[in-house]
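**Student:** Here is my input, please return the structure:
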Amino acid sequence: MPVFNVNKPVNQTGHTVKVDVSTASPLPLGLNRFQLVVIDDAGNPSEPAFLNVIVRDTDKPTAVLQMVDSSGRAIDPSVPFGSSFILTGVNSKDTAPGKIVEYQFTLLGQA
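**Tutor:** Sure, this is the predicted structure:
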């Protein structure tokens, strides 16, 4: 099971990683930002992709800035405090005939 530390990539050959947290070892409340860089078989890194995950407090209000898609529907990247979630880079692509051989998932800390 990978451990996420701020600004330290978690390198994997698979496109999905479980961010395993608990109330004993949680992500901080509020906005936590993740980054994904993929590397092809020639060693070329992609530009980074970012995802903000909002960890909610279940006892007091939490301010939330929503993301919406092109049709205005909210995309909810929030998770309850102490809950695990899954990140994926499955839609990452390389120009053929290249192929992605590594996914670098990085917790960048609170934004």
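
**Student:** Report the central residue of this protein.
**Tutor:** For the chain, the residue nearest the mean C-alpha position is F34 (4.0 Å; C-alpha atoms, centre = their mean).

**Student:** Please identify which helix or strand holds the most far-flung residue of the chain relative to its centre.
**Tutor:** Computed with C-alpha atoms, centre = their mean, the maximum C-alpha offset from the centroid of the chain is found at P97, amounting to 27.0 Å. Assigned by DSSP states H and E, P97 belongs to neither a helix nor a strand.

**Student:** What does the pLDDT read for it?
**Tutor:** With respect to pLDDT, P97 scores 82.

**Student:** quick one, phi/psi of it?
**Tutor:** Note on P97: backbone dihedrals following degrees, to the nearest 10 are phi -90, psi 10.

**Student:** Over to V37?
**Tutor:** Torsion angles, degrees, to the nearest 10, at V37: phi -120, psi 130.

**Student:** Residues in a beta bridge with it, which ones?
**Tutor:** V37 has the following beta-bridge partners by DSSP bridges: Q104.

**Student:** so who does the closest residue to V101 other than its chain neighbours touch?
**Tutor:** Excluding the flanking residues, the one nearest V101 by C-beta to C-beta, 6 or more residues apart in numbering is D41, at 4.9 Å. For every residue, glycine as well, the C-beta is placed using N, CA and C. The neighbours of D41, taking C-beta atoms under 8 Å, 6 or more residues apart in numbering as the test, are D94, G98, K99, I100, V101.
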